[in-house]
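K.L.:
this one's sequence-less:
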């Protein structure tokens, strides 16, 4: 891409416009995409000293500053390093009200730092490309710009910058290294650009020798791409649901679960505390070894998730974990990609986070209640697997528990809750309503348990008709999994 | 407090209970305070090796884990250091659904690190005490526990911990230092405890030699204090509004503003760009010198805040600032102290944040529309002054602009907006409704401009009947203020 770039034939389509005209056009577009609730993400990457700052200034200058954000990604800080590579980009994605410009693309680190370990590099590129794809699939317009300059021009700019009063801040070792080893870098950039150039999201290489023209070209491309993106997204939204999906296929995991399994009161009393202590000790070990832990609890209403979590955490140092009870997204969360609110809460290295209900809502309640169209929840199985794989690749211990009870037991528990004053806050009309949809929920649960059961993040289905049995099973699996994970 | 503490006469009121009984009582209370929407914050501080971890475990064990959070405060990280001392505690305050336990109190740093610079120390204690007080005044229950042990017992515990497999993590230099210089530390702790012991928020010194008894006592005190707190808050909420307030006093700043001031088109064209460039240069200097900048824009509807902000920021590197347009709090923000959503967005050192409308909503729209009761907005003048002083003490450049137009000019602009398609999204029925309350708004604005005009964060009232004049004035003040601030 860079090697074949002809600086004598740069894109001049937008040269006849004024920058302020293009800026105002973009400002109008901004209000349109905002009205359509389409988030826009512009990634600006390129050579050092290629003028990214000036281009970003021109891109944003005419926009309503309340709906545009510029996010700078430099070397990852300590908190960012204690998460997967994609995490810090997830934190700053645009809401459906915003145009967000990233100074540096997702691939900045790959461009500049990852040359040695090919396996790690492939993994990182895959992870970041998955982030890009899921944003696009879920209706974000993503635009990738790369500013290209020649070795000679780069040198000239560095020399100019050296004279500036801001030289210390504007120039770093990287500028000099790139210029010295220009061809080596060019070769490497091309590899990364090739690997991350997608039909649905191409790189736009902008010849940045002429600063003014480069700005106009950047503005022009952004305007074009927003127009294209709007068309794509509006079409997508209007389309009849026509996803390729084998509707006949049924999954039957749950009906094979032996719900008669129980434990005696004596055995429970005897086993509980030692298991709790062992669980606490293992969490402590993970803390010492900087291993993050993610737990997701799903299950039927009244299956005993809360009780199981309480028993599991009893001896674990409360300073080392957090529990998030997941409800419907609030008004802010609703303006972001559906995984954003979970990404926000993921543990850093050494921490444990327990989700009481989780991102699986996408393929359960959102599917059954029709909150998400079929094409969206159908795609979510892959998206979720990718997210979990990313966590696993970052050495996260990830466990998913599904607490299963049959319909009779559920009805009994609902009745109990109704009758017991201390518990009846736990039961609402909605719980009863959901029961009417049990067959659809069971179908969705079965499909989820099948399609998101992976080597790196397996489901553990817990027969929960007897609460005590379920609690012991959760503890035992937790312990077995962590032991295995720690021994790797 | 510590020196006179008699370990032979520790509090035994709760000794006859089981820990689990007290825990369950607390669990019941949790649901009650949650129903009443009262946030609870428990600060656990004390000597090293005094058993804070175990006590926090016992405090939280029986609670519904979805509504309890434990936050650990150790040495401040880089991001925390780049903000005022109170900032990191602000980030983690409880919502009105939660009980939150802080491992270490607000005063941890003062207990352990601030012995040399008396002035800085006083400032820090004042800042943190103000945080504590505003939480309490706004209806949070704050409970402060300090775990006390003798020198001999501390030594014994350190020796026990040395044998543990977790010794490396559980013991630090501080443990040994405190034990070696026990009396010196005791003396110092007493000074800090005295300085931060308040009638409305006393320290509870808990003798922690007997671990079990200490846990029971902590649980018992927390239960007592939540009960006391609920009573106080319910009373406060039911009270007739009876704040001491001089209702006759009127402030007349705005009517003295000379709204006839204008600038010619030629002078505007000539002055604008050089001022914009100078503003950009000064922001750059602040960035180089790690000085944070906070701007608040208030003013009449249609006074031209957005346009002034756009002109001000035109040449400023968009990577160095963020703009927040402030609307009514969303459903999450609404569950927190009213300043929390602003605290979240404050700049770290070297960054600039512009608030388009701000925390002054408390004494403007919330006052006039009755969203906050009189006792709350009356107190807010002080709370806001304190917050701004804290920023100033952290070397923040803080500027507040009030854009003033008269009623005729406002009506003219409303009409314009109605008629111009590109602008009519800017005008709503609410804007017209607000006009009916102009006298009340003017009164509230006058009082705000008077009572929150401080040396450290002065108001700058901008005559804005002519937009161009207003924009130039904002730029000029911005430049003058930053020059002055940079020269200090």
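P.N.:
Nice, I can see it. In this text the structure is predicted, and so the values were computed from the model without any measurement.

K.L.:
elements contacting the helix or strand that contains residue A:89?
P.N.:
Secondary structure from DSSP states H and E places residue A:89 in helix A:87-91. Helix A:87-91 is packed against helix A:118-137, helix A:340-343, with contacts defined by 3 or more CB pairs under 8 Å, 6 or more residues apart in numbering or on different chains; DSSP states H and E. Placement of C-beta: from N, CA and C, glycine included.

K.L.:
who's the residue in the stretch 201-350 of chain A that chain B sits nearest to bridged to?
P.N.:
Closest approach between the stretch 201-350 of chain A and chain B, counting by CB to the nearest CB: residue A:325, at 3.6 Å. Under the criterion DSSP bridges, residue A:325 forms beta bridges with residue A:356.

K.L.:
contacts only, for it.
P.N.:
Going by CB atoms under 8 Å, 6 or more residues apart in numbering or on different chains, residue A:325 touches A:356, A:357, B:66, B:67.

K.L.:
counting neighbours, what do you get for the second one?
P.N.:
For residue A:357, the number of neighbouring residues by other CB atoms under 10 Å in any protein chain shown comes to 17.

K.L.:
how about it: what's its closest non-neighbour residue?
P.N.:
residue A:326 (4.1 Å; CB to CB, 6 or more residues apart in numbering or on different chains).

K.L.:
ok, the one you found touching residue A:360?
P.N.:
No. Using CB atoms under 8 Å, residue A:326 is not in contact with residue A:360; the gap is 9.3 Å.

K.L.:
more crowded one of these two?
P.N.:
Taking other CB under 10 Å, residue A:326 and residue A:360 do not tie; residue A:360 has more neighbours (26 against 19).

K.L.:
show the contacting residues for the more buried one.
P.N.:
Contact partners of residue A:360, counting by CB under 8 Å, 6+ apart, are A:296, A:298, A:384, A:448, A:452.

K.L.:
what sits against the last one?
P.N.:
Just to be clear, that refers to residue A:452. Going by CB under 8 Å, 6+ apart, residue A:452 touches A:360, A:363, A:381, A:384, A:385, A:388, A:400, A:459.

K.L.:
so of the contacts of residue A:360, which ones are in helices?
P.N.:
Judged by DSSP state H, the contacts of residue A:360 include A:384, A:448 as members of helices.

K.L.:
roughly how far does residue A:429 sit from residue A:418?
P.N.:
Remark: distance between residue A:429 and residue A:418 (CB to CB, to the nearest Å) = 11 Å.

K.L.:
neighbour count for the two, which is higher?
P.N.:
Each of residue A:429 and residue A:418 has its neighbours counted (other CB under 10 Å); residue A:418 has more, 14 against 7.

K.L.:
list phi and psi for that one.
P.N.:
phi -60, psi -40 (degrees, to the nearest 10).

K.L.:
now render the contacts of residue A:325 as TSV, adding pLDDT and distance to residue B:368.
P.N.:
Output for those, formatted as TSV (pLDDT from 0 to 100; distance: CB to CB, whole Å):
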residue	pLDDT	distance to residue B:368
A:356	96	41
A:357	97	41
B:66	77	38
B:67	87	35
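
K.L.:
contacting residues around the closest residue to chain B within the stretch 101-250 of chain A?
P.N.:
Closest approach of the stretch 101-250 of chain A to chain B (CB to the nearest CB) occurs at residue A:103, with a separation of 5.5 Å. Residue A:103 makes contact with A:44, A:52, A:53, A:56, A:70, A:71, A:72, A:73, B:319, according to CB under 8 Å, 6+ apart.

K.L.:
repeat for residue A:307
P.N.:
Contacts for residue A:307 (CB under 8 Å, 6+ apart) come out as A:467, A:471.

K.L.:
which strand or helix spans residue A:382?
P.N.:
Here residue A:382 sits within helix A:374-393, counting by DSSP H and E.

K.L.:
packing partners of that helix?
P.N.:
Under the contact definition 3+ CB pairs under 8 Å, 6+ apart, helix A:374-393 sits against helix A:118-137, helix A:365-368, strand A:397-404, helix A:438-451.

K.L.:
return the distance of the helix or strand following the first one from the chain's centre.
P.N.:
Heading C-terminal from helix A:118-137, the first helix or strand you meet, by DSSP H and E, is strand A:141-148. Going by CA atoms, centre = their mean, to the nearest Å, the spacing between the C-alpha centre of strand A:141-148 and its chain's C-alpha centre is 20 Å.

K.L.:
mind listing what's buried along strand A:141-148?
P.N.:
Applying a neighbour-count criterion of 16 or more other CB atoms under 10 Å in any protein chain shown, one finds A:141, A:142, A:143, A:144, A:145, A:146, A:147, A:148 buried in strand A:141-148.

K.L.:
in CSV, list those residues along with pLDDT.
P.N.:
Below are the buried residues of strand A:141-148 laid out as CSV (pLDDT from 0 to 100):
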residue, pLDDT
A:141, 98
A:142, 98
A:143, 98
A:144, 98
A:145, 98
A:146, 97
A:147, 97
A:148, 97
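
K.L.:
which two in those residues are spaced the farthest apart?
P.N.:
A:141 and A:148 (22.7 Å; CB to CB).

K.L.:
and chain A, what are its domains?
P.N.:
What automatic domain parsing lists as the domains of chain A is A:7-238, A:254-487.

K.L.:
how long is the first one end to end?
P.N.:
To tie it back to what came earlier, the one meant is domain A:7-238. 42 Å (CA to CA, to the nearest Å).

K.L.:
show me the contacts for the residue lying closest to the residue of the stretch 101-250 of chain A closest to chain B once chain neighbours are set aside.
P.N.:
Nearest residue to residue A:103 in three dimensions, chain neighbours excluded: residue A:72, at 4.5 Å (CB to CB, 6+ apart). Applying CB under 8 Å, 6+ apart to residue A:72 gives the contacts A:103, A:104, B:319.

K.L.:
likewise for residue A:127?
P.N.:
Contacts of residue A:127 (CB under 8 Å, 6+ apart): A:84, A:85, A:86, A:390, A:393.

K.L.:
flag the shaky bits of chain A, pLDDT-wise.
P.N.:
The model of chain A has pLDDT under 70 over residues A:114-115, A:240-244.

K.L.:
for it, longest helix please?
P.N.:
Identified as the longest helix of chain A according to DSSP H is helix A:211-238.

K.L.:
quick one: that one to strand A:141-148, angle?
P.N.:
For helix A:211-238 against strand A:141-148, the angle by axes from the mean of the first three to the mean of the last three CA atoms, to 10 degrees is 160 degrees.

K.L.:
in the following helix or strand past helix A:211-238, which residues are buried?
P.N.:
Remark: after helix A:211-238, the chain's next helix or strand is helix A:265-288, criterion DSSP H and E. Across helix A:265-288, burial judged by 16+ other CB under 10 Å covers A:268, A:271-272, A:275-276, A:278-280, A:282-287.

K.L.:
stretch A:109-123 too?
P.N.:
Buried residues in stretch A:109-123, counted by 16+ other CB under 10 Å: A:109, A:110, A:111, A:112, A:114, A:121, A:123.

K.L.:
quick one: end-to-end distance for it.
P.N.:
Distance across stretch A:109-123, first residue to last, is 13 Å (CA to CA).

K.L.:
swap in stretch A:164-176?
P.N.:
Termini of stretch A:164-176 sit 16 Å apart (CA to CA).

K.L.:
pretty sure residue A:322 sits in a strand.
P.N.:
Yes. With DSSP: H, G, I helix; E, B strand; the rest coil as the criterion, residue A:322 is assigned to a strand.
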